[in-house]
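>>> just need the structure, nothing else, for what follows:
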Amino acid sequence: MYIDLFLKKHRTPVLSAEEVAAIEAAAIRTTSYATRQIFIRQQTPLTQCTLLLEGFVERFKDTPEGRRQILAIHVPGDFVDLHSYPLKRLEHSVAALTDIRVALFPHAEVRALTEKSATITELLWKSTMIDAAINREWIVSVGARGAAVRLAHLFCELFVRLERIGHASGNSFAMPLTQVDLADATGLTAVHANRMLRQLREDGLVTFRQGVAEILDWPRLRAFAEFDPAYLFLD
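Numbering: from 1, shown residues only. Have a look, this model is predicted:
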């Protein structure tokens, strides 16, 4: 089922069996993209929305000087561009951080779903609003949190989001990002991010090796990061 992880992530409003089947039927096909492949380019006309089934995705913008700012990291079960339905294009680009598999939902089918069911409309709207809430929290991190706290907060967030869909094993979870990716997501240089990762490890909070993160002390990490998951709207 294409939307099982999406429904694990968003447990309310509750859909009927007929509504679940309607969303499933709206996907025209699945496709795959390779690691680092850009599959949505900014300002390119779009006619479909993309649901991530496997792997990790980044939304990003590059400056003329070549500096990248990662705007969001998506995990399985996320619609990565649901907002393209009303906008018809994005002002940023989207790329695979790992090999990924996605399901494609034509805008015409999304419209049909919203016309068919108010509950589906509410669920899709809620998903988009949670994406916006996560984005606002990232703005707070880049603008108001110290470097080590930014990284700690990102580890906390990804842990909770992946645990929600059953993709965490105890306090460990796959986080197949490079240190450059972490720097680009938190507004740091790669060198500074490396130092902060070492600090978090030496303080006994979290380790990050070969694409796997292990939380060593969840209560202390959460307190250090000042992490409150309320912005994720977990029901």
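>>> you'd agree Ala168 is up against Leu158?
No: distance between Ala168 and Leu158: 9.2 Å, which falls outside the contact criterion (Cβ atoms under 8 Å). Every C-beta, even on glycine, is put in place using the N, C-alpha and C of the backbone.
>>> which of these two has more neighbours?
When Ala168 is set against Leu158 and neighbours are counted by other Cβ atoms under 10 Å, the residue ahead is Leu158, at 21 against 18.
>>> in what helix or strand does that one lie?
Element membership for Leu158, per DSSP states H and E: helix 147-164.
>>> equivalent analysis for Glu214, please.
Following DSSP H and E, the helix or strand that holds Glu214 is strand 212-215.
>>> got it, and Ala132?
Taking DSSP H and E as the criterion, Ala132 maps to helix 118-144.
>>> what mean pLDDT does that helix get?
Per-residue confidence for helix 118-144 averages out to 98 on the pLDDT scale.
>>> can you check stretch 207-214 too?
Computed over stretch 207-214, the mean pLDDT rounds to 96.
>>> now do the end-to-end distance for that stretch.
Criterion Cα to Cα, to the nearest Å; first-to-last residue distance in stretch 207-214 is 5 Å.
>>> list the buried ones in that stretch?
Phe208, Ala213, Glu214 (16 or more other Cβ atoms under 10 Å).
>>> quick check: Glu58 is in a strand.
Yes: in this structure, Glu58 lies within a strand as judged by DSSP: H, G, I helix; E, B strand; the rest coil.
>>> pick out the residue nearest the middle of the chain.
What sits nearest the mean C-alpha location of the chain, by Cα atoms, centre = their mean, is His74, with 2.2 Å.
>>> grab the nearest non-local neighbour of that residue.
The shortest distance from His74 to any residue that is not its chain neighbour, by Cβ to Cβ, 6 or more residues apart in numbering, is 4.1 Å, and that residue is Val57.
>>> quick one: contacts for that neighbour?
With contacts taken as Cβ atoms under 8 Å, 6 or more residues apart in numbering, Val57 has the following neighbours: Ile73, His74, Asp78, Val80, Val94, Ala95, Ala96, Leu97, Ile100.
>>> now the fourth one: how far from Val149?
Look at Val80 and Val149: by Cβ to Cβ, to the nearest Å, they are 27 Å apart.
>>> which one of those two is surrounded by more residues?
More neighbours surround Val80 than the other of Val80 and Val149, with 22 against 18 (other Cβ under 10 Å).
>>> is the more buried one in contact with Leu52, as I believe?
Yes: counting by Cβ under 8 Å, Val80 touches Leu52, with 5.6 Å between them.
>>> how does this protein divide up, domain by domain?
If you go by automatic domain parsing, the domain ranges for the chain are 4-137, 146-232.
>>> what ranges does the protein have for its helices?
Counting by DSSP state H, the chain has helices at residues 4-9, 17-26, 84-87, 107-116, 118-144, 147-164, 179-186, 190-202, 218-225.
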